[in-house]
Structures are given as structure tokens and as C-alpha cells.
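Enquirer: Return a 3D structure for these sequence lines:
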Amino acid sequence: MTSSRSTKLAVIGSGLMGSALARAFAAAGHDVAVWNRTPGKARAVGGGTVAFENLVEAVTGRSLVVVSLSNYAAWSELVASQAVASALAGTTLVQLTSGSPADARGGLEWARAHGVDYLDAAILAYPAFVATDYATVYYAGSRAVFDRHQETLQAIARNSVYVDEKIGSAATLDCAILEAYYGGSLAVLHAAAMCQAEGLDPKAFFAQKNSFLGLISVTADAAQDMIARNDFTGQQCSLNTHVAAIEHIVRLSTDARISARFPRELLENYRRALGAGLGEQELPAVFRTLKQD
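Expert: This is a model prediction of the structure:
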């Protein structure tokens, strides 16, 4: 995707993701400076980018600075330098370093104190997917700031989603999606292990992918409505029935001598809802007990 106008920007961090971001911006026709703590990594980015060994020089005169580092602590260490902080004044900083909503709030506080416009962002893609239709980037912060830079930012992901003014909202949505991904993936892998342990080719399980993904989709749709209404009553299947099914999964895992840690954790969470008197309600009623420590 080629931008109709060129933006002078800098990408801080030349790891796999930072390098992919920098090359995508350059491919879209932008003037891209790159910096990394190890100068050789910045020089290796290539793709029409210009490597700088000095961070102050890299960000000076840039209207947009995109940060992709290992963590927020690494960024905090860099901007502890007054020279770097001064060079960033008047720019827009897009923080693509993975972190929590608390990290995002801390970043905004720093930016406001130093005259920097700030967007916190989360990218849902592997480096190889940057600038393809498979990449999504979520943004939080000032809507006006996002709108000002949206065309430039679409160079890394055409699907650039503005979430909310609340600065932690992009990180929250990212963590929520990743939890569903990692939790679901672990469940799928454990299910395959159960099949193999019982002498059933896991291919038979994977062939039923549409069945279990369909059930998850139906439950997600039902949960969305029930949570909005705060009403988890229904006539489909009670939590009591679901808990009995999970008990079978735990027993199968134990009998097959594979790890039962994951299904036991599931069972504990669902039984907790029974203990709260929600046994006759629908599965999404577990949401009520998850809001408590």
C-alpha cells in the first residue's frame, strides 16, 4: 500500500517486528529512520530505511516515532535521557511495545509531561504478516491524533482499528484476544493428547474442527448478550450438566496417564460457579465468579 504523501518517521527497535514495521513504512514511500541499541541490527533492516547510531539524531525532525522494543522497561531506560526526551517533544509517539494497560497509562503520563502526543497500540500479527491483510493493529488514545496519522499507519496494517480514548484499551483488547487464543490452543492440544493416549488418531479430532469452533462461536454470541443483560438464565444446558462433562474429561486424562492439570483447572473454575449457586443457569454464568478474586 503506497501512501499519497510521505511522512518523516522513525522506528525505534530493530528486532523481527521492528524491522518488518520499518520496511513496510519505507515500502509505502515514507522517509524512515531506524535505530537499535546494536547499530548493526539497524543497518541490517535495509529496505530503503536509513540507520542511525545516535537515538537523538534518529528522532529529531520526525513527526511520527514508532517504538517496538522488548518491553516498556527498555523504553523507559532510553527516555530517561533528557536529550532524547527533548528531541521527542512535539512528535507523535506510537508505542507498539507489548505491555499491560498499566504500562500504557504510564507511557501516556510520561508523554504528557514531555509535550509528546501518544498512542498506545497492539499488533495482532507475526512479523511476516505486517502490511498484509492478515495484520491488525489496535490503537488507543486521542482520536484526533489517530485520525491525523491513520493514513501513514495503514502502511503496516490496512486493518488499523481505533479502540477507545482510554489509553489502556488497546492493550486490554490485545490481552483478551491472546488469552482466548492461548487458552483455546492449549485446550485443542490437550484434546489431541487425550485422543492419542486412548489410541485414537488425533486426525480424527482435528477433522471435527468446525464442530468445536462452532460451539465456541455459539457460546460467545450467547455470552455477549447475557453479560450485557446481566441475566444468565436459559433453557439450553445448565452449568450442572457442563460440570459433569468436565469431570469425565478429568477422569479420562487421569486414566490415560496424561497431564490432567488443564482440565482440573477448568473444573475448579466451573465448580466455583456451582458453589456460588449458579448451577441451574447457563454456561456464561461463570463470568460472574471470574470477576471476583
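Enquirer: Mind jotting down where the helices sit in the stretch 51-200 of the chain?
Expert: Assignment of helices within the stretch 51-200 of the chain using DSSP state H, counting those that start in this stretch yields the ranges 55-59, 72-79, 82-88, 101-113, 143-153, 169-197.
Enquirer: could you redo those as a markdown table and give each row mean neighbour count and mean pLDDT?
Expert: C-betas here are computed from N, CA, C, even on glycine. Formatted as a markdown table, the helices of the stretch 51-200 of the chain follow (neighbours: other CB atoms under 10 Å; pLDDT from 0 to 100):
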| stretch | mean neighbour count | mean pLDDT |
| --- | --- | --- |
| helix 55-59 | 19 | 97 |
| helix 72-79 | 16 | 92 |
| helix 82-88 | 17 | 95 |
| helix 101-113 | 18 | 96 |
| helix 143-153 | 16 | 97 |
| helix 169-197 | 16 | 96 |
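Enquirer: can those go into JSON lines with extra columns for distance to Leu9?
Expert: Shown next, in JSON lines, are those (distance: least, CB to CB, whole Å):
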{"stretch": "helix 55-59", "distance to Leu9": "9"}
{"stretch": "helix 72-79", "distance to Leu9": "17"}
{"stretch": "helix 82-88", "distance to Leu9": "12"}
{"stretch": "helix 101-113", "distance to Leu9": "16"}
{"stretch": "helix 143-153", "distance to Leu9": "7"}
{"stretch": "helix 169-197", "distance to Leu9": "19"}
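Enquirer: Ile258 is nearest to which of the ones you listed?
Expert: Set against Ile258 and scored by CB to CB, the helices of the stretch 51-200 of the chain come closest in helix 169-197, at 4.8 Å.
Enquirer: Which strands or helices does that closest one pack on?
Expert: Helix 169-197 is packed against helix 101-113, strand 117-124, strand 136-141, strand 159-164, helix 202-206, helix 209-229, helix 239-255, helix 261-275, with contacts defined by 3 or more CB pairs under 8 Å, 6 or more residues apart in numbering; DSSP states H and E.
Enquirer: mind checking which of those is nearest Pro284?
Expert: That would be helix 209-229 among these, by CB to CB, at 3.8 Å.
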